[in-house]
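Student: below is the structure, and that's it, no one-letter string:
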């Protein structure tokens, strides 16, 4: 007979209110909250290597495998002692809060603290998964002890206090290791507390405090409850599977539409083996409103390296004066290579100029950039100075932009004191923000719109399998993006060096060598 007094929903309701408020502040990134949340990392402290190793070891006890194993052991003991529903409830709590935490991480997509971290991290920051799991196990076990044993013994009080201390240690360990903000840890605690208490009150009211006329009636109720739960899970999995198949078919159709292989000698990167890879990103100026030409106005070389856990985006000035490969020794603006010979000539020219292989390419036109920004709900940028473009006012500072606003923000150059280099900086900023939005789980909810935009405006030589491997195997590298700008000096062609009266950018040998060296380091290529 269970004797625990029936609990109220009030604590769980208050917990979910605080959790919602905390999530809102994290998503909105209010300046006062960000400063408060990161204040602890403003202190300069030198951690002991031994202490760090101990703290890291303690923290690893709160990952999904050890926590779930412990829950299964306790569940097995409960099952043997005729507490079957409590046994199922305990283990299911761990799985459910783990799934909730994962989904929320992808939706919020908060980056880890920008400090030197003392432990391995493989996902987003909010909420803390370790804190979430530790609180889930401890809170569930305390409620089970209170339910099964009517009297508080010394052993009970010791175990309860030990569980509370363990949860606090896990939370503090994540901050000590510099992999979470305090709000991440608190959010993990609140999310677990909310779920565990809501589900326990429901279990109490439906079963634990329910009176049965006979033992057979009690047994039948338990059987029906378990059978109903399994039926619900089966229907849920079946529905999710059908949805997944439908989405996959649409994704495959879009990938087939985008797929434009080139007849080139350089082989594709072994993405399945996580080897370093390079990509050429081209933004083509052929948007419908301005009726411009088909030159590559945005030229970026992207490298991903899982060993270095880093992605680099290097902008090449569109007016860079280089040899156009395939035009018999002709020198011209690098973006003219695309006008002369399309994607293939453009890739060959970049490869020859930087002395690196390009494994794959992506092309998107300017209509696509605006539509893509709209499809992900817009992007947040941090503008360096106030300006106006195409009738739109852009104040200095952080702001959220829609599709057409994003496009004009990325293409404006005449009011920029840095000219085209300022424009390239904003283009890299927009590219990074779009990458973060596209790799977050919230993009799943707009997948149809995203597929339509990408299919109509994008082109690549990557198959769907290759794109899947890129997203799956290079997550760590894609979380850490650095950008570079190739710098040159402007000159006007005189008919001998460049066409007379046309503006070009001359890239010095030293600048070119600096960029090439960095790219080769990313690609694990040794200079000959």
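Tutor: Looks like it came in fine. Bear in mind that the values here come from a model prediction, so they are computed numbers and not experimental data.
Student: contacts, neighbours, all on C-alpha from now
Tutor: Noted.
Student: residues in contact with residue 145?
Tutor: When contacts are counted by Cα atoms under 8 Å, 6 or more residues apart in numbering, residue 145 touches residue 156.
Student: against residue 77, how distant is it?
Tutor: 13 Å (Cα to Cα, to the nearest Å).
Student: same question for residue 436.
Tutor: 45 Å.
Student: now residue 345, nearest residue through space, not along the chain?
Tutor: Nearest residue to residue 345 in three dimensions, chain neighbours excluded: residue 337, at 5.8 Å (Cα to Cα, 6 or more residues apart in numbering).
Student: after whatever helix or strand residue 217 lives in, next one along is what?
Tutor: Element membership of residue 217, judged by DSSP states H and E, is helix 215-258. Next helix or strand after helix 215-258 toward the C-terminus (DSSP H and E): strand 277-284.
Student: which residue is the nearest non-sequential neighbour of residue 325?
Tutor: residue 349 (5.0 Å).
Student: correct me, but the one you found touches residue 321?
Tutor: No. At 11.3 Å, residue 349 and residue 321 do not qualify as touching, with contact defined as Cα atoms under 8 Å.
Student: quick check: which element contains residue 423?
Tutor: helix 420-438.
Student: counting contacts, what elements does that helix pack onto?
Tutor: Packed against helix 420-438, as judged by 3 or more Cα pairs under 8 Å, 6 or more residues apart in numbering; DSSP states H and E, are the following elements: strand 310-315, strand 379-383, helix 403-411, strand 481-485.
Student: avg pLDDT for the first one?
Tutor: Mean per-residue pLDDT for strand 310-315: 88.
Student: for the third one, same thing?
Tutor: pLDDT averaged over helix 403-411 equals 84, rounded to a whole number.
Student: need the residues that contact that helix.
Tutor: Contacts for helix 403-411 (Cα under 8 Å, 6+ apart): 366, 369-374, 378-379, 389-390, 392, 394, 423-424, 426-427, 430.
Student: how many residues are close by the residue nearest to residue 325?
Tutor: Residue 349 has 21 neighbours, counted by other Cα atoms under 10 Å.
Student: whichever strand or helix holds it packs against which elements?
Tutor: Remark: residue 349 resides in helix 336-354, with elements defined by DSSP H and E. Under the contact definition 3+ Cα pairs under 8 Å, 6+ apart, helix 336-354 sits against strand 296-305, strand 321-323, helix 509-522.
Student: sheet-wise, list the partners of the shortest one with their directions.
Tutor: Using DSSP bridges, the neighbouring strands of strand 321-323 in the sheet come out as strand 331-333 (antiparallel).
Student: and the partner strand, how far from the chain's centre?
Tutor: Centroid displacement of strand 331-333 relative to its chain, using Cα atoms, centre = their mean, to the nearest Å, is 39 Å.
Student: quick one: buried residues of that strand?
Tutor: With burial defined by 16 or more other Cα atoms under 10 Å, the residues of strand 331-333 counted as buried are 331-333.
Student: quick one: average pLDDT of it?
Tutor: 91.
Student: try stretch 129-136
Tutor: 91.
Student: show residues contacting it.
Tutor: 59, 62-64, 67, 93-94, 97-98, 101-102, 166-167, 170-171, 174, 185-189, 191-193, 196.
Student: before we move on, the earlier item: which of the buried residues of strand 331-333 lies closest to residue 83?
Tutor: Nearest to residue 83 among the buried residues of strand 331-333 is residue 333, at 76.0 Å by Cα to Cα.
Student: put together a markdown table for the buried residues of strand 331-333, with distance to residue 284 on each row.
Tutor: Listed next are the buried residues of strand 331-333 as a markdown table, based on distance: Cα to Cα, whole Å:
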| residue | distance to residue 284 |
| --- | --- |
| 331 | 21 |
| 332 | 18 |
| 333 | 15 |
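Student: quick one: residues in contact with the helix holding residue 423.
Tutor: 109, 298, 313, 315, 317, 373, 376, 379-381, 406, 409-413, 416, 443, 481, 483, 485, 487.
Student: make a PyMOL selection of the buried ones in those.
Tutor: Selecting only the buried entries of the contacts of helix 420-438 in PyMOL, with 16+ other Cα under 10 Å as the criterion:
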select buried, resi 109+298+313+315+317+373+376+379+380+381+406+409+410+411+412+413+443+481+483+485+487
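Student: end-to-end on stretch 252-264?
Tutor: 24 Å.
Student: distance check, residue 278 against residue 101.
Tutor: In terms of Cα to Cα, residue 278 sits 33 Å off from residue 101.
Student: apologies, that question was intended for residue 477.
Tutor: 22 Å.
Student: also residue 504?
Tutor: Counting by Cα to Cα, the gap from residue 504 to residue 101 is 52 Å.
Student: for residue 303, same thing?
Tutor: For residue 303, the distance to residue 101 (Cα to Cα) stands at 30 Å.
Student: list phi and psi for residue 275.
Tutor: Phi and psi for residue 275, reported as degrees, to the nearest 10, are phi -80, psi 150.
Student: coming back round to it: of the buried residues of strand 331-333, closest to residue 307?
Tutor: For the buried residues of strand 331-333, the minimum distance to residue 307 (Cα to Cα) is 34.8 Å, reached by residue 333.
Student: specify the beta-bridge partners of that closest one.
Tutor: residue 321.
Student: in helices only, show me the contacts of stretch 129-136.
Tutor: 59, 64, 67, 93-94, 97-98, 101-102, 166-167, 170-171, 174, 185-189, 191-193, 196 (DSSP state H).
Student: buried residues in the helix or strand containing residue 15, which are they?
Tutor: Using DSSP H and E, residue 15 sits in helix 10-28. Under the neighbour-count criterion of 16+ other Cα under 10 Å, helix 10-28 has 12, 15-16, 18-19, 22-23, 25-26 buried.
Student: how many neighbouring residues does residue 377 have?
Tutor: Other residues close to residue 377 by other Cα under 10 Å number 17.
Student: please name the nearest non-neighbouring residue to it.
Tutor: Closest to residue 377 by Cα to Cα, 6+ apart is residue 402, at 7.2 Å.
Student: distance of the one you found from residue 29?
Tutor: Between residue 402 and residue 29 the computed distance is 19 Å (Cα to Cα).
Student: comparing those two, which residue is more hemmed in?
Tutor: Between residue 402 and residue 29, residue 402 has the larger neighbour count (other Cα under 10 Å), namely 18 against 12.
Student: and that one, what is it in contact with?
Tutor: Taking Cα under 8 Å, 6+ apart, one finds 370, 373-374, 377-379 in contact with residue 402.
Student: now it: phi and psi?
Tutor: Torsion angles, degrees, to the nearest 10, at residue 402: phi -80, psi -170.
Student: and the gap between it and residue 282?
Tutor: From residue 402 to residue 282 the distance is 21 Å (Cα to Cα).
Student: how does this structure divide up, domain by domain?
Tutor: 10-210, 216-257, 267-522 (automatic domain parsing).
Student: which stretch in those is the model least sure about?
Tutor: It's domain 216-257: among the domains of the chain, that one has the lowest mean pLDDT, namely a mean of 73.
Student: residue contacts, residue 110?
Tutor: Neighbours of residue 110 in contact, by Cα under 8 Å, 6+ apart: 124-126.
Student: what's the separation between it and residue 252?
Tutor: 29 Å.
Student: same deal with residue 56?
Tutor: From residue 56 to residue 252 the distance is 42 Å (Cα to Cα).
Student: what about the two, which has more around it?
Tutor: residue 56 (19 against 15).
Student: which neighbouring elements make contact with the helix or strand where the more buried one lies?
Tutor: Following DSSP H and E, one finds residue 56 within helix 49-60. Judged by 3+ Cα pairs under 8 Å, 6+ apart, the packing partners of helix 49-60 are helix 154-176.
Student: counting by contacts, list what the helix it packs on packs against.
Tutor: Partner elements for helix 154-176 (3+ Cα pairs under 8 Å, 6+ apart): helix 49-60, helix 129-148, helix 182-203.
Student: got these as CSV, with distance to residue 524 columns?
Tutor: Shown next, in CSV, are the helices and strands packed on helix 154-176 (distance: least, Cα to Cα, whole Å):
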stretch, distance to residue 524
helix 49-60, 30
helix 129-148, 34
helix 182-203, 36
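Student: which one of those lies closest to residue 521?
Tutor: Going by Cα to Cα, the one of these nearest residue 521 is helix 49-60, 29.5 Å.
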